[in-house]
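> Sequence and predicted model, in that order:
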Amino acid sequence: MAGLVRSSPWRRRQFLGLAFGSLGSLALLAACGGSAAPTAANTTASSVASASSAPATSASSSAANSATSAAPAPTSTPVAQGSAQAKGVTITLSYRGGNEPYFAERAKAFSAANPDIAIDKRPFAGSNTDYYPKLTTALASGTADDVFWVSTGFGNYQLYAWNKQLIGVDDLLKANKVDMSQWFKAAIDTLTLDGKLYALPWGMHPDEIGLYYNKELLQKNGVEPPGVNSETYDSLATKSVKLTSRAGDTTSVWGIYTAVGAYSTGLISYVRSFGGDFMTPDKKQPAIDSPQAMAALQWLSDLRVKQRSNPRASDKLATNNSMEDTFVSGNIAMFNGGVWEMALLDKIKGHFTMEMSLIPKGPTGIRGSMAHVDTISGYAQGKHQDEAFKLIEFLTNTESGVQNALVNSFFGARPEVWADPRPKQKYGPMVDTWSLGTQASMALDEPYNFRLVELNDAMDKALGPLWNGDTTPSGVAPTVIAAMNAVLSKPRG
């Protein structure tokens, strides 16, 4: 949405210089051209929340899907050298540098449990716009590390898998008798390409379906908190109007802020709640002009135009023109966001009570969502694939998932992670609400040709006039369909 600053994972985004225990300013999305330097943090993962990169996020499609120059060699930090290197093997591990505190602790834990396998850590500096071109170049040139982080948010996981650049893990899973029910079904479904798996899920979130609110603002206006299962879209719109405070042309409090990035910040979940979807089941044709999808667009448009309880794209927000900052300052009553927004508790610092629900279920009783899955993958041409798989399995186990939640505010893709008491001790009862939403998550809506970032960018550009109140859903539909067709008609890969 032009004109408004929103931190989000397309970060999907690049997470936040906002850490739960070490607070910096919210970083701009990588998609918006921002690049946040990671905040220094203690390397003891169980006791610190670092200002690290969040789950995968969006940037330009050219940066995501191609690389035009050779990748610089990442910084190399061996772990557990000496006897392990003399007697066993060394596995190279690459990831975004913002996640260094997490991977440093996990690498030490792995080496302690596997003394014959040394880990050579190779973090890449920068955000996704830096990381993916380097990884793409390394894979194409045959110099990729043995194990690496990769997400589905860019579409790069599917592209790498389709190009046979990732280890096929099905045989390894069978040989090691790995129970696949340990992970959420939506995560495994999202990672399955043509019936095969090429990674294990490191973390997952169900899109920006959290409905955060300022408890005191609701009480002041006599508005009941939105219910997880009882709320409807009509009742939520009514509440947003009651919470809006305006004098003339000046809005001091917006009742609601709905994030509507196509794949990046929530639109797909609203559309699915109304029974629609972006594409046909074969993922080759647009379906956003279906009656169900159009009903979702109409509801979102009405908030901006009819009810005027939701800022338009051109409306300047009260604090730094930032959604998060304006919520923290008490000028937004409710907003939809992702699991990482729980970290705003540290910025609010008790000035008011932030609680959360989930976006409502739609007319058919379905709450829309979409599984954004980050993975730990292995290089198909690596020399030590058995050892690489052992590291992949370790980084996706329950303890690694809990550490991910504590350090990165990003939960491992396993029910046991949500059941562990430590994240709840840190973030409070919101963890239970997010657990409910995550367990019911739908799979990623990946285009057949893997051009998810291109599709997201094309849809966002075409829908822009709708979010500014300059047109109607029926008026914008032909433009959106044409933009989607221009991307979906391109070849696979």
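That came through fine.
> quick check: mean pLDDT across the helix or strand where residue 140 lies?
Using DSSP states H and E, residue 140 sits within helix 128-141. Mean per-residue pLDDT for helix 128-141: 91.
> Quick check: what element follows it along the chain?
strand 147-151.
> for the helix or strand just after that next one, packing partners?
Next along the chain after strand 147-151, taking DSSP H and E as the criterion, comes helix 156-162. Applying 3 or more CB pairs under 8 Å, 6 or more residues apart in numbering; DSSP states H and E, one finds that helix 156-162 contacts helix 61-65, helix 128-141, strand 147-151, strand 192-193, strand 372-378. Where you see a C-beta, it was placed from the backbone N, CA and C, and this is true even at glycine.
> Next secondary structure after the fourth one?
If I follow you right, that is strand 192-193. Going down the chain from strand 192-193, the next helix or strand is strand 196-197, by DSSP H and E.
> Over to the last one?
On the C-terminal side of strand 372-378, the closest following helix or strand by DSSP H and E is helix 385-395.
> Which stretches in the stretch 151-300 of the chain count as strands?
192-193, 196-197, 199-205, 210-214, 245-247, 250-253 (DSSP state E, counting those that start in this stretch).
> so of the ones you listed, which one's packed in deepest?
strand 199-205 (a mean of 28; mean count of other CB atoms under 10 Å).
> and of the helices and strands packed on helix 156-162, who's closest to residue 108?
strand 147-151 (15.5 Å; CB to CB).
> what sits against residue 375?
149-152, 157, 191, 199-202 (CB atoms under 8 Å, 6 or more residues apart in numbering).
> which strand residues sit across from it in the sheet?
residue 150, residue 201 (DSSP bridges).
> Local confidence estimate at it?
For residue 375, the pLDDT comes out at 96.
> For stretch 410-421, which outside residues touch it?
With CB under 8 Å, 6+ apart as the test, stretch 410-421 has contacts from 15, 54-55, 182-184, 187, 201-205, 339-340, 373-374, 396, 398, 400-402, 404-405, 423, 431, 434-435, 438-439.
> All the helices of the stretch 151-300 of the chain, in order from the start?
Taking DSSP state H, counting those that start in this stretch as the test, the helices found in the stretch 151-300 of the chain are 156-162, 170-175, 185-191, 215-220, 233-243, 267-273, 291-305.
> now the stretch 51-200 of the chain, which segments are flagged as low pLDDT?
Scanning the stretch 51-200 of the chain for pLDDT under 70 picks out the ranges 51-87, 154-155.
> and if we set it to 90?
Low-confidence segments of the stretch 51-200 of the chain, defined by pLDDT under 90, span residues 51-88, 98, 125-130, 132, 153-156.
> Same check on the stretch 351-493 of the chain?
364, 408-410, 443-446, 453, 493.
> swap the cut-off to 80 and go again
Regions of the stretch 351-493 of the chain meeting the criterion pLDDT under 80 cover residues 493.
> all helices for it, in order.
Ranges of helices in the stretch 351-493 of the chain, per DSSP H, counting those that start in this stretch, are 385-395, 398-408, 415-419, 421-427, 430-439, 452-467, 473-488.
> Would you mind putting the helices of the stretch 151-300 of the chain into TSV with distance to residue 110 and mean neighbour count alongside?
Formatted as TSV, the helices of the stretch 151-300 of the chain follow (distance: least, CB to CB, whole Å; neighbours: other CB atoms under 10 Å):
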stretch	distance to residue 110	mean neighbour count
helix 156-162	22	24
helix 170-175	17	13
helix 185-191	21	22
helix 215-220	42	16
helix 233-243	45	18
helix 267-273	35	27
helix 291-305	44	20
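> any idea what sits nearest residue 213, other than its immediate chain neighbours?
Closest residue to residue 213 apart from its sequence neighbours, by CB to CB, 6 or more residues apart in numbering: residue 334 at 4.4 Å.
> can you pull the contacts of that neighbour?
Neighbouring residues of residue 334 by CB under 8 Å, 6+ apart: 211-214, 226, 239-240, 243, 255-257.
> Tabulate these in TSV, adding columns for pLDDT.
Formatted as TSV, the contacts of residue 334 follow (pLDDT from 0 to 100):
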residue	pLDDT
211	98
212	98
213	98
214	98
226	97
239	98
240	98
243	98
255	98
256	98
257	97
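> so which of those residues comes closest to residue 351?
The shortest approach to residue 351 among those belongs to residue 214, at 9.6 Å (CB to CB).
> who's in contact with the closest one?
Here residue 214 is in contact with 327, 330, 332-334, 352-354 (CB under 8 Å, 6+ apart).
> Swap in 10 Å and give it another go.
Counting by CB atoms under 10 Å, 6 or more residues apart in numbering, residue 214 touches 220, 243, 253, 327-328, 330-335, 348, 351-355.
> out of those residues, which are buried?
The neighbour count (16 or more other CB atoms under 10 Å) marks 243, 253, 327-328, 330-335, 354-355 as buried among the contacts of residue 214.
> Restricted to strands, list the residues you listed.
Judged by DSSP state E, the buried ones among the contacts of residue 214 include 253, 334-335, 354-355 as members of strands.
> Dump the residues you listed to TSV, plus distance to residue 320.
Shown next, in TSV, are these (distance: CB to CB, whole Å):
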residue	distance to residue 320
253	17
334	19
335	15
354	18
355	24
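> and which of these is nearest residue 465?
residue 335 (22.2 Å).
> And that closest one, how far from residue 357?
Noted for residue 335: a distance of 12 Å to residue 357, by CB to CB, to the nearest Å.
> intersection of neighbour lists for the two?
210-213.
> show me the contacts for residue 437.
205-207, 209-211, 228, 269, 339, 356-359, 367, 369.
> any chance of the shared contacts of residue 335 and residue 357 in TSV, with distance to residue 462 too?
As requested, the shared contacts of residue 335 and residue 357 are arranged in TSV below (distance: CB to CB, whole Å):
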residue	distance to residue 462
210	26
211	26
212	28
213	31
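> biggest separation within those residues, which pair?
Maximum distance among those (CB to CB): 10.1 Å, for 210 and 213.
> So for those two, which residues contact both of them?
Common contacts of residue 210 and residue 213, defined by CB under 10 Å, 6+ apart, comprise 335, 356-357.
> for these, which one is nearest residue 169?
Closest approach to residue 169 among the shared contacts of residue 210 and residue 213 (CB to CB): residue 356, at 35.0 Å.
> now that closest one, which residues is it bridged with?
Applying DSSP bridges to residue 356, the residues it is bridged with are residue 212.
> For it, which residues are in contact?
Applying CB under 10 Å, 6+ apart, the residues contacting residue 356 are 210-213, 225-226, 228, 334-337, 339, 341-342, 428-430, 433-434, 437.
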